[in-house]
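A.B. asks: Sharing a sequence plus its predicted fold:
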Amino acid sequence: MRQSESFQRSSLQHLLLNGQEVEYRVVHSKTAKKLRAKISLNGMQVILPKSRLLEEARTFLLENEKWVTEQLGRAKRLRRSEEHTS
């Protein structure tokens, strides 16, 4: 399956978590069954099933604020580590 078949579109969003502005990309998926967050060294994506509303992504992140900020901090530390070894 090509990516264009499973993902419809994406949009860049911002949210205040623990006093810091967080940028994330909402990716609308035709095939996803669950709303989920993916945090990597390149940032955060929220995969949103086609049956869910955009506001649900924001609510999901707020409800999981502690986990999200921990993972973003972890990704930031890993990025710094990679920069120092390069």
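C.D. replies: Yep, that arrived.

A.B. asks: Relative to the whole chain's centre, how far out is the longest helix along the chain?
C.D. replies: If you go by DSSP state H, the chain has its longest helix at helix 65-85. Centroid displacement of helix 65-85 relative to its chain, using Cα atoms, centre = their mean, to the nearest Å, is 14 Å.

A.B. asks: Only the buried residues of that helix, if you could.
C.D. replies: 68, 69, 71, 72, 75 (16 or more other Cβ atoms under 10 Å). Every residue, glycine included, has its C-beta placed from N, CA and C.

A.B. asks: again, but for stretch 12-31
C.D. replies: 13, 15, 17, 22, 24, 25, 26, 27, 28, 29.

A.B. asks: Most widely separated two among the residues you listed?
C.D. replies: By the measure Cβ to Cβ, 17 and 29 form the most distant pair in the buried residues of stretch 12-31, at 22.9 Å.

A.B. asks: hey, which helix or strand in the chain has the poorest pLDDT?
C.D. replies: Counting by mean pLDDT, DSSP states H and E, the weakest-scoring helix or strand in the chain turns out to be helix 3-6, with a mean of 48.

A.B. asks: Pull the contacting residues for the residue most central in space within the chain.
C.D. replies: Nearest residue to the geometric centre of the chain (Cα atoms, centre = their mean): residue 45, 2.5 Å. Residues near residue 45 by Cβ atoms under 8 Å, 6 or more residues apart in numbering: 10, 24, 25, 26, 27, 37, 38.
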